[in-house]
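> Quick one, what's the 3D model for this:
(one chain, ligands or ions: 2)
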Amino acid sequence: MKKGGISVQTENIFPVIKKWLYSDKDIFVRELVSNACDAITKHKRLVSLSETEESSEEYCVYVTLDKALKTLTVSDNGVGMTEEEVEKYINQIALSGALDFISRYEGEDSNGGGIIGHFGLGFYSAFMVAENVEIKTKSYTDAPAVQWDCKENGEFEMGPGNKSSKGTDIVLHIVESEYEYLDYEKIKSVLEKYCAFMPYPIYCQEGEKKELINEVLPAWQQSPSDLKDEDYNALYKKLFNDYRDPLFYVHINADYPLNFKGILYFPSMRNSMESNEGCIKLFYNSVFVADNIKEIVPDYLYNLSGVLDCPELPLNVSRSYLQDNTYVRKLSAHIIKKLADKLIKLKNEDFEKYCVLWDVIKPYIEYGCMKDSKFYDRVSSGLLLKKTDGGYTALADLLDGENKDDIKLYYTTDPRQQSYYVGLYADKQIPVYVLDAVVDTQFASFVESKGKNVKFLRVDSAFDDVSASAEKDEELMSLFAEATGIDGAKISLAALGADDAPVLIRCGEESRRFADMMRMYSALNGTESGAPVDEELIVNTANTAILKLSSMDAEKSKLIAKHFYLMALVASRALTAEELKSLFETDRLITELI
Ligand code: ADP
Ligand code: MG
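Numbers count the residues shown, from 1 in each chain. Ligands and ions are numbered 1, 2, ... in the order given. Have a look, this model is predicted:
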């Protein structure tokens, strides 16, 4: 019988393990089960290399609870270990790992959940909950079985064992304060969290009860050609406890040099009571590592949910590691590329369906384009503009159209409120686009800034395309100049339709955008601030009422001109108190004349 002390070279590693790893004891389950799966994978590899014969029994892992004995046992039928291997991989490696661990983290505060594993302390995490651990193992070779016992104080004994079939049983004698780990439901839920997708069947059992925990081949480990939409949706619902199908998904299967797999989902519309924040789960060869990883997907896609399986990242990733890592940046770039490609594919496959999708994803995509020029370049052919008639046009088609030199795109920020102006364009079959979200108008400015000779114009900012030029008429000009009551008021004449409004207010595009922006910021800051909009009075010389003004007596025509001006203001914006007073006064005077 061989005896020894795990702690020969240090004071004692166990108090340290306990202290440092206190924060997340559950992970001992993950560590032991993933060791068990590793042992099976090793055996499979040996079989494939013809180094040993195929197993007659199904590869699997059991997590068995025994309340009477107060034990939790993790058993596998993998490679097992010889005495030399236990000495080398458990006694010595663990020891050096522990020394490294202590020297690095002593005196520092940290949550140890991520540290374990990295220093070869995976197996020893068992001591977070056990006062005493046994290893019963038999190598797949002819070597005899080994029995290893270790007490909480770090003393171990190793000698011949009586296990007859290949594989390993790790028996944890649970310490009294951790008896919750003898509870079937507790262990089952921990297994479901960490081991739901491990590569071999994992059973949780107690007495007669026995349940399969995992899905041996999760969707992301399969080839996209073997999967249907339903498979993807089922995984989404299972992982994220959502009863709705996602809007779409992207399955990524990246080879060298990135070597990762993943499925990302764009969730369905949420109501305002629900959080829109997505959740990215990180796996390491199907072993769950961490939830809610924000660092890999850019913030403009914060609503994405999904799984990423990255064997290139260590099992014990930390947030700071992810934040400042070249591999993660490449990963992120690849994800963005794939997402953009998927959108283009959806657009090409079923345009009508894509239009419905577009209404939901638009703000994210537009925001993403502004934040990330690579994303913009990649997704630009998938960008749409919605029209007031309910149709959609690809922005790229407009930008690459015939009139390359001077592209004017008319839009409305509020189709109902601006319906009169929209109607002017509809009559002339000029499309009007709906930019009704805050991000839309910002995005329009962004597209303009991209260098193309394109200009977005709100329907009330230019009437050139819906009117003909009018002959000079000084009298009409001065009549309306007086009607506004403003010194140096801007006035011009244009011939719209005979039934179109007699007078319209044109709002300068730039000044209005600036005023809108100021209003948005002041709303955000809770302050009152605005900026003046550059307004111009457009007199419709083709309007039948305007044509009659010249033949009226001066007093009448002045009153009516003033009335037209005020009505144009009403159509354009909310009136100030003075303007409103002036409107009532004008109307009163008009009734006196009749
Ligand atoms: P790691 O898994 O990172 O190597 P662990 O502390 O988890 O570190 O395990 C140490 C070593 O002990 C493993 O590399 C493996 O060689 C051996 N080992 C642990 N558990 C088993 C098992 N169930 N079957 C065979 N070997 C095992
Ligand atoms: Mg391990």
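> Confirm that N253 lies within a helix, as I assumed.
No: counting by DSSP: H, G, I helix; E, B strand; the rest coil, N253 falls outside a helix, being strand.
> That one against K261, yeah?
Yes: the pair N253 and K261 qualifies as a contact (CB atoms under 8 Å) at a distance of 5.5 Å. C-beta here means a position set from N, CA and C on the backbone, and glycine is covered the same way.
> The residue in the stretch 1-150 of the chain positioned nearest to ligand 1: neighbour count?
Using CB to the nearest ligand atom, the single residue of the stretch 1-150 of the chain nearest to ligand 1 is G122, 2.5 Å away. Counted by other CB atoms under 10 Å, the residues lying close to G122 total 22.
> picking up where we left off before, neighbour-wise, which of N253 and K261 wins?
K261 (23 against 15).
> buried residues in the helix or strand hosting that one?
Per DSSP states H and E, K261 falls inside strand 260-266. Across strand 260-266, burial judged by 16 or more other CB atoms under 10 Å covers F260, K261, G262, I263, L264, Y265, F266.
> Okay, now the unreliable bits of this protein?
Scanning the chain for pLDDT under 70 picks out 1-23, 93-121, 152-153, 272, 316, 401-404, 452.
> how does it divide into domains?
Following automatic domain parsing, one gets these domains for the chain: 10-212, 219-348, 474-593.
> wait, what's in contact with G423?
Contacts for G423 were tallied using CB atoms under 8 Å, 6 or more residues apart in numbering; there are none.
> what about it, which helix or strand?
Going by DSSP H and E, G423 is in helix 419-427.
> Ok, R329 next?
For R329, the host element (DSSP H and E) is helix 326-349.
> Check which helices and strands that helix sits against.
Secondary-structure packing of helix 326-349 (3 or more CB pairs under 8 Å, 6 or more residues apart in numbering; DSSP states H and E): strand 248-254, strand 260-266, helix 351-371, helix 373-379.
> any idea which of these is most buried?
Most buried of the helices and strands packed on helix 326-349, by mean neighbour count (mean count of other CB atoms under 10 Å): strand 260-266, with a mean of 24.
> Not counting sequence-adjacent ones, nearest residue to the closest residue to ligand 2 within the stretch 51-200 of the chain?
Of all residues in the stretch 51-200 of the chain, G122 sits closest to ligand 2, at 3.1 Å by CB to the ion. Residue nearest to G122 in three dimensions, not counting chain neighbours: E31, with 4.0 Å by CB to CB, 6 or more residues apart in numbering.
> What separation is there between that neighbour and A126?
Relative to A126, E31 is positioned 8 Å away (CB to CB, to the nearest Å).
> can you give me the helices in the stretch 101-250 of the chain?
Taking DSSP state H, counting those that start in this stretch as the test, the helices found in the stretch 101-250 of the chain are 184-195, 229-240.
> so can I have TSV of the ones you listed showing distance to ligand 1?
Compiled in TSV, the helices of the stretch 101-250 of the chain are given as follows (distance: least, CB to the nearest ligand atom, whole Å):
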stretch	distance to ligand 1
helix 184-195	14
helix 229-240	26
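> Let me have those helices in TSV, extended by mean neighbour count.
Output for the helices of the stretch 101-250 of the chain, formatted as TSV (neighbours: other CB atoms under 10 Å):
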stretch	mean neighbour count
helix 184-195	18
helix 229-240	16
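> Determine how far the helix holding R329 lies from the middle of the whole chain.
Distance of helix 326-349 from its chain centroid, counting by CA atoms, centre = their mean, to the nearest Å, is 12 Å.
> any idea which element Y321 lies in?
helix 319-323.
> gap between that helix and the chain center?
Put simply, helix 319-323 sits 18 Å off its chain's centre (CA atoms, centre = their mean).
> List the buried residues in it.
Using 16+ other CB under 10 Å as the test for burial, helix 319-323 gives L322.
> on contacts alone, who are the packing partners of it?
Checking 3+ CB pairs under 8 Å, 6+ apart, helix 319-323 ends up next to no helix or strand.
> which parts of the stretch 101-250 of the chain sit against ligand 2?
Contact residues, the stretch 101-250 of the chain versus ligand 2 (CB under 5 Å from the ion): G122.
> does the closest residue to S332 other than its chain neighbours count as helix, strand or coil?
Spatially, and ignoring its direct neighbours in sequence, S332 is nearest to I296 (5.6 Å; CB to CB, 6+ apart). Following three-state DSSP, I296 is assigned to coil.
> Please tell me I have it right and I296 contacts R329.
No: with contact defined as CB under 8 Å, I296 and R329 do not form a contacting pair (9.3 Å).
> Who has more neighbours out of these two?
A direct count of neighbours by other CB under 10 Å for I296 and R329 places I296 higher, at 22 against 14.
> For the more buried one, give me phi and psi.
As for I296, its main-chain torsions (degrees, to the nearest 10) stand at phi -90, psi -30.
> give the contact list for the residue nearest to E178 when sequence neighbours are not counted.
Spatially, and ignoring its direct neighbours in sequence, E178 is nearest to V129 (4.1 Å; CB to CB, 6+ apart). When the contact criterion is CB under 8 Å, 6+ apart, the partners of V129 are K25, F28, L72, L172, I174, V175, E178, Y181.
> Return the residues in contact with the third one.
Contacts here follow CB under 8 Å, 6+ apart; on that basis L72 touches V63, T64, L65, D66, V129, A130, V171, L172, I174, Y181, L182, I187.
> Who are the contact partners of I361?
L247, F266, L343.
> Can you tell me how far it is from L301?
From I361 across to L301, the span is 10 Å (CB to CB).
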